[in-house]
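> Sharing a model prediction with you, sequence too.
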Amino acid sequence: MKAKVVKNITWIISILLALIWLYPFVIVFINSLKTKSDLFSNPLMLSRPTFGNYTEAFRSLNYVQSFFNSVLITVTSVLLITLLASMTAYALARTHGKISSIIYYLCAATMLIPFQSIMIPLISIFGRIDFLNRISLILMNTGLALSLSIILYYGAFLGVPTSIDEAAMIDGANTVKAFFSVILPSVSPMTGTVVILNAMKIWNDYLLPSLVINKDGMYTIPLRMYFFFGENNSNWQLALAGLVLAIIPIIILFILLQKQIMQSATEGAIK
Amino acid sequence: MNLKRMSLLLLTLFCVISIAVLEFANYGSTSNSHTIEFFNQKPEVTSGYQELARLYEKTHPNIKVKITTVGNGSGASALQAKFVSGDAPDIVMLGGLPEIDRYHNRLLNLDNLPIQKKIVPSLKSGGRIYGHSLGVAVDIEGYGWAYNKAVFKKAGIDAGRIKDYASFKAAVEKLNAQKKALGLSGVFGFNGADTSSITSFSAQFLSQSYHNNLTKAYRSQHLNWRYSKRMADYVDLVKRYNVKPILSVRYDASVQDLFFHGKVAMIPQGNWIIPTLDEAQKGFSAKNLGMLPYFVKGQGQIMTGSSWYLGITNEHPQREKDAKDFLQWLYNSPESEKVIVQQMRYVPPTINFDLNKLPDPLSKEIYRIGTGKHAQVPVHKQFPNGFNQEAIGPNMQRYFANKISWQQFVQRTESQYYQLRQIQGGK
Amino acid sequence: MFQKKYYYWLFVLPSLLLISIIILIPFLIGIYYSFTNSNGITASWIGLKNYFLLFSDANFLQSCWLTFLFSLLSVAGINVIALSFALLVTRQDNRFTKFLRTIFFIPNLIGGILLGFIWQFIFIQVFGALGSQLHLSFFSGWLSTPESGLWGLVILFWWQMSGYIMLIYVAFLNAIPRSTIESAKLDGANEGQIFWWIKLPQLAPAFTISLFLTLANSFKLYEQNLALTNGGPYRSTEMIAMNIYNTAFVNYQQGYAQAAGILLFIFVALISFGQLYFSRKGEHQNES
C-alpha cells in the first residue's frame, strides 16, 4: 500500500518536472503563432494562431542558405577532425617513444587553454594574411577540437589488441590501408562519440564564426539568429518563429540518434 | 568497396568541392561584373534599400546592386572584417567620425561629388575629416521628447505653450497629477535598459559647445560638461516620473506598447519611430505624434543630425564610377525619393526639398528645423568606440538605480571618455 | 606498424601542424600581446602595466567576482537537480524513465545564442505578463537589476546543464551492482539509508567530474550571457569572457584584453589541476 502511494507520488512529480522542463519550448512555440499585438497584450495564452510569422522568419533568416552553410561547415570540420585525430591517436598509441609522450602531453596541455585566451591573436593573424572565410573557419574548428578527440581516440586504440594490426599487415596491406580498412572500423563506437560531440559543438557555435565569417551568404544559423534581433527593432513574433525554425533540425536529428547522442555525451565527460 | 565507405567518400568529395567552389567563386564574381555592394548598418530599413536596388537595376540593366545588412551592434566589427579580408564593399554606411577615421585611407574623397552642393550645411562636418569630405549624410533625424498628442489633449496641455524648462516641468507635474484618470503607467517611458538611447539623450546636453563642428567634437579629449546642471534636472525628472523600474523599460516595448497605447505621455526618441507606429496603425504618427525639445540654453529646439554617412571605398577603381552614379541617383531621382520619403520615412538631407512631399507634420517640422539657421547637431556619434555601452550607458543606469551620485556619474564618465580617446588615438 | 618513420610522421604531422597554428602560436603571440598596448592597429611594449591595471580595474574585478558567484550557484544547483533527476529516472528501468531522461537532456542540445533568446523572452515578456496579471512584484522587472540578471543566467544554465550532468550520475548509479542494493534491502535498509550509505559513496567520482565540468563551462560562458543580458544593467552581469570580448572588439583595447585572457587561462589551468589532484586522490582512497 505504502509502496504504491510512493510510486504514484514519484510518478506525478516526474510528470510535473518534465512539464516544467519542456515549458520554455512550449511557450516559445505558442507565441511564434501570434501577431505582434496579440503577443504584446498576452504572451501566456494561445490566441488566433497564424503561420504568417514562419514564412517571414524563413525569409529573413535566409534559412536555406544558412542551413546549408551550417551543414557544410559542420560536416567538413567533423570529417577532418575524425580523420586527423584518429590517425594521430593511433600513431601515438602504438609507439611508446619520447616524442609520442611529448605530443600526447602537448595535446592534454592545449586543452587547458580557453578560447578567449587565444581569440585576439588568432583573428589578427588570420586577418593579416587575408584569410578569414569558411575554409579558415573549418581549419580553426578542427585545430580547436583535435586535442580532445586525439585523447578520446588514444584510449580507444589502447584497447585494440596489436594482434589485429599484425594480422592486417600479414595480409600485405601497408600501414595506411591497414589503418583505414581494419583498425579504424574496430573503434567505430568511439568514432560515433567523436563525431557527435564535435558536431554538436560546431553546429551551435556562435563566437568563433562571428569573428571569422563576415560575408553575407556565408552566415550559419546561430549567426543569422543573432543578426535577426535588429538594433532598435526586435520583432519578438518573428524571432520566436526563427527560434523554432532553428531548433527543429536539432530535435529531428536527436530523435533519430537519441541513444548514440546521450551515450556520447556521457562518454565524452567521463573519459 | 562497400556501400558505407563509398557514401562517406562521396560526402567528403561533395564537401570539399562545394567549399572550394563557393570560396573561389566569391573572389571572381565581385571583381569582374558591375555589381555594387552596399553595406547597410540599419537593419530596420533593409527592405527599403532592397526596393531601391531593385528600382535602380530596372533602369540600369547592366548594373547590379547588392545590399549587405549587418546590424544589432555587429555592423562595425563585420565591416572591419570585410576591410581586413580584402572584401570591402563599394558603398559603406558609416556611423560617425570614429568609423570614418578608421577607414579614411580606404575611402574616396567625395569633395567634388555633385550632390555635395545640395547637402544641408549643418550635416556636412559629420562626414569630413583631414579637410576632405569622405561621407554623405543619409538623412535628417530629429529627436527630443516624442509625445502622444491624444494624452496631452486629454490632460488639457497645450504643447505649443511649453517654452522653457519651467513650463515643461509644470506640464510633467500636471500629467502626473492626472495619472490615474489618463490611465498612465508613468509620464515618461524612458527606456533605461538601452544604452544607445541613454547616449543619444545625453547628447542633448553635451553638444551645444561644439557649434555643429563635429570634427572638433571628435578631436576633443574631454567632454564638455557646461550644461550638466540642466542634464541633472532632466535626469531627475525622468527618474521621478518614469515607468518603474526604469532599467526594465526596453526600446521596443516603450514604442510599441507604452507609447502607442498611450500608457505614457513621452518617450525620448526621434522620427525613426514613425515606421513602427504607422505599421501598427496607419496614420498614427500624423495624428498622434508630436515632439518637444529639451530646454538647455535659451529657447529649446529639437536636435537634428545624421547618424549615418555613406562613403565610397577606393578598393575597386573599376566600380568607382558605378558607385558614384548610384549615389547621385539615390539623392536626386524622383523614383528613389518616393521610396525614401514614403516607405522608409526618411527626412531628406538635401536643401530646397519640397515640404509638401513629406507625408506627416513631424517630418515637415524636422526638415524646417534641420535646414534652418539655428539647427543644432548632436555629437554622440563622435564619442569613442565603446563609450556608449561600456561607459556612459552603464554609468547612467547606475545613477538611475541609486548606486552612484550625480557627481560620481560625471567624474566616471569623464575619466572613461578620456581613457578611451587616449587608447583609440594610439596613445 | 610504425617502423618506418615516414608513416609515423604522416599520421602525426597534420594534427601537430594544425594544433600549432590554431592554438600554440596564437597563445605565444598572445602572451606577447599582453605586454603591449595594442589597439588592433598599432602596438608598443609596456611591460606588466596591463596586469597592474587589471588588478585595479573595477569592471574587471566585478566580472571575476560575478563569474565566481555564478559558478558557485551553478555548481550547487546543477548538481542537486541532476542528482535528483538521476535518482528519479533510475528508480525503474522502463520506457517512461527513458523518456524522462530524454526530456531532461534536450536543453543541452540547443546552442547558447538560442537559449539566451528563449529565456530573454520568458523573463521579460512572460514574467512581465504574469506579474501584471497576478499582481505579483516577484515577476516584474526581471533582468533589470543585477540580482535578477545573475539569477536569470543561473536559471538558464541550470536548465541547460542539469540534464547533461544527470547522465553522468545515471552512468555511475547504473554501475552499482543490483545485488548490493537488493541485499541491503533484505537487511532491512530503507530508501534513505540505501541512498546515504550505498549510492552516495559510489557517486563521489561522478561529483568530481560534474564539478569541474560545470566550473570550466561557466568560466568560458559567453553566448548565453550575450543573448540573455548582454552584460546589462550597467555591466553588472558581464562575466569574464564577455569582459574580454568587449574590451578587445568594442573598445579596441586588445593588449589589455589579452592580458585578461592570459589571467583567464591561469584560472582555468588551476581549476583543471585541482580536478586532476582531487580525482587522483579519490582513486587512491578507493584503492586503500
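Looks like it came in fine.
> going forward, measure contacts and count neighbours with C-alpha atoms only.
Will do.
> ok, which residues in chain C are in contact with chain B?
Chain C has residues C:39, C:42-43, C:141-145, C:232-235, C:249-253 near chain B, with proximity defined as Cα under 8 Å from any Cα of the partner chain.
> Give the PyMOL command for selecting the buried subset of those.
To isolate the buried subset of the residues of chain C next to chain B in PyMOL, counting by 16 or more other Cα atoms under 10 Å in any protein chain shown, use the following:
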select buried, chain C and resi 39+43+141+142+143+144+145+232+233+234+235+249+250+251+252+253
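> For chain A, which helix extends over the most residues?
The helix that spans the most residues within chain A, counting by DSSP state H, is helix A:236-270.
> for that helix, packing partners?
helix A:2-32, helix A:36-41, helix A:52-60, helix A:188-204, helix A:221-228, helix C:112-121, helix C:146-174, helix C:204-219 (3 or more Cα pairs under 8 Å, 6 or more residues apart in numbering or on different chains; DSSP states H and E).
> which residues touch the next helix or strand after the last one?
The reference is to helix C:204-219. Tracing the chain past helix C:204-219, the next element assigned as helix or strand by DSSP states H and E is helix C:223-228. Residues outside helix C:223-228 that contact it (Cα atoms under 8 Å, 6 or more residues apart in numbering or on different chains) are A:206-207, A:226, C:112-117, C:119-120, C:153, C:231, C:237-239, C:242.
> could you redo the last one with a cut-off of 7 Å?
C:112-113, C:115-117, C:119-120, C:153, C:231 (Cα atoms under 7 Å, 6 or more residues apart in numbering or on different chains).
> Stretch B:183-195 now?
By Cα under 7 Å, 6+ apart, stretch B:183-195 touches B:172, B:175-176, B:198, B:238, B:241-243, B:246-251, B:254, B:258, B:263-268, B:388-389, B:393, B:397, C:233.
> residues near the residue lying closest to C:Leu87 once chain neighbours are set aside, how many?
Nearest residue to C:Leu87, sequence neighbours excluded (Cα to Cα, 6 or more residues apart in numbering or on different chains): C:Val170, at 7.7 Å. Neighbourhood size, C:Val170 [other Cα atoms under 10 Å in any protein chain shown]: 22.
> same thing with B:Ile302?
Neighbours of B:Ile302 (other Cα under 10 Å): 23.
> Need the pLDDT of it.
The per-residue pLDDT reported for B:Ile302 equals 94.
> wait, what's in contact with it?
Here B:Ile302 is in contact with B:142-144, B:292-293 (Cα under 7 Å, 6+ apart).
> quick one: which of those residues sit in strands?
Counted as lying in strands by DSSP state E, out of the contacts of B:Ile302, are B:142-143, B:292.
> Looking at those residues, which is nearest C:Phe278?
B:Tyr143 (60.7 Å; Cα to Cα).
> From C:Ile110, how far off is the residue nearest to C:Leu87?
21 Å (Cα to Cα, to the nearest Å).
> ditto for B:Tyr130
Relative to C:Ile110, and taking Cα to Cα, B:Tyr130 is found at 49 Å.
> Neighbour count: the two, which is higher?
The residue with more neighbours, out of B:Tyr130 and C:Ile110, is C:Ile110; 18 against 9, by other Cα under 10 Å.
> State the distance from the more buried one to C:Leu276.
In terms of Cα to Cα, C:Ile110 sits 29 Å off from C:Leu276.
> Contact residues of the stretch 1-150 of chain A facing chain C?
A:18, A:21, A:28, A:42-44, A:84-85, A:87-88, A:91, A:112-114, A:116-118, A:120-122, A:140, A:143-144 (Cα under 7 Å from any Cα of the partner chain).
> Which among the residues you listed count as buried?
A:18, A:21, A:28, A:42-43, A:84-85, A:87-88, A:91, A:112-114, A:116-118, A:120-122, A:140, A:143-144.
> Need the helices and strands packed on helix A:236-270 in JSON lines (columns: distance to B:Gln424).
Formatted as JSON lines, the helices and strands packed on helix A:236-270 follow (distance: least, Cα to Cα, whole Å):
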{"stretch": "helix A:2-32", "distance to B:Gln424": "42"}
{"stretch": "helix A:36-41", "distance to B:Gln424": "42"}
{"stretch": "helix A:52-60", "distance to B:Gln424": "35"}
{"stretch": "helix A:188-204", "distance to B:Gln424": "33"}
{"stretch": "helix A:221-228", "distance to B:Gln424": "26"}
{"stretch": "helix C:112-121", "distance to B:Gln424": "30"}
{"stretch": "helix C:146-174", "distance to B:Gln424": "30"}
{"stretch": "helix C:204-219", "distance to B:Gln424": "29"}
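> Restricted to helices, list the residues of chain C next to chain B.
C:Phe249.
> which residues does the closest residue to chain C within the stretch 301-427 of chain B contact?
In the stretch 301-427 of chain B, the residue that lies nearest chain C is B:Pro394 (3.6 Å; Cα to the nearest Cα). Contact analysis of B:Pro394 by Cα under 7 Å, 6+ apart lists C:233-235.
> try 6 Å
C:Tyr234 (Cα atoms under 6 Å, 6 or more residues apart in numbering or on different chains).
> Do a quick rundown of the strands in the stretch 201-350 of chain B.
Counting by DSSP state E, counting those that start in this stretch, the segments of the stretch 201-350 of chain B that form strands are B:266-267, B:289-292, B:303-305, B:309-312.
> can you list the ones you listed in TSV and add mean neighbour count and distance to A:Ala173?
Output for these, formatted as TSV (neighbours: other Cα atoms under 10 Å in any protein chain shown; distance: least, Cα to Cα, whole Å):
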stretch	mean neighbour count	distance to A:Ala173
strand B:266-267	26	77
strand B:289-292	22	81
strand B:303-305	25	75
strand B:309-312	25	61
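> among these, which is nearest chain A?
strand B:266-267 (14.1 Å).
> mean confidence for the closest one?
On average, strand B:266-267 scores 96.
> and what of stretch B:160-175?
Per-residue scores along stretch B:160-175 average to 95.
> which residues touch it?
In contact with stretch B:160-175 (Cα under 6 Å, 6+ apart) are residues B:Phe295.
> How far does it sit from its chain's centre?
Distance, stretch centre to chain centre, for stretch B:160-175: 28 Å (Cα atoms, centre = their mean, to the nearest Å).
> again with stretch A:186-194
On Cα atoms, centre = their mean, the centre of stretch A:186-194 falls 16 Å from that of its chain.
> Next: stretch C:225-239.
With Cα atoms, centre = their mean, you get 17 Å for stretch C:225-239.
> got it, and stretch A:62-73?
On Cα atoms, centre = their mean, the centre of stretch A:62-73 falls 14 Å from the chain's centre.
> And for stretch B:364-376?
On Cα atoms, centre = their mean, the centre of stretch B:364-376 falls 17 Å from the chain's centre.
> element containing the residue in the stretch 51-200 of chain A positioned nearest to chain B?
Nearest residue of the stretch 51-200 of chain A to chain B: A:Asp130, at 4.5 Å (Cα to the nearest Cα). Assessed by DSSP H and E, A:Asp130 sits outside every helix and strand.
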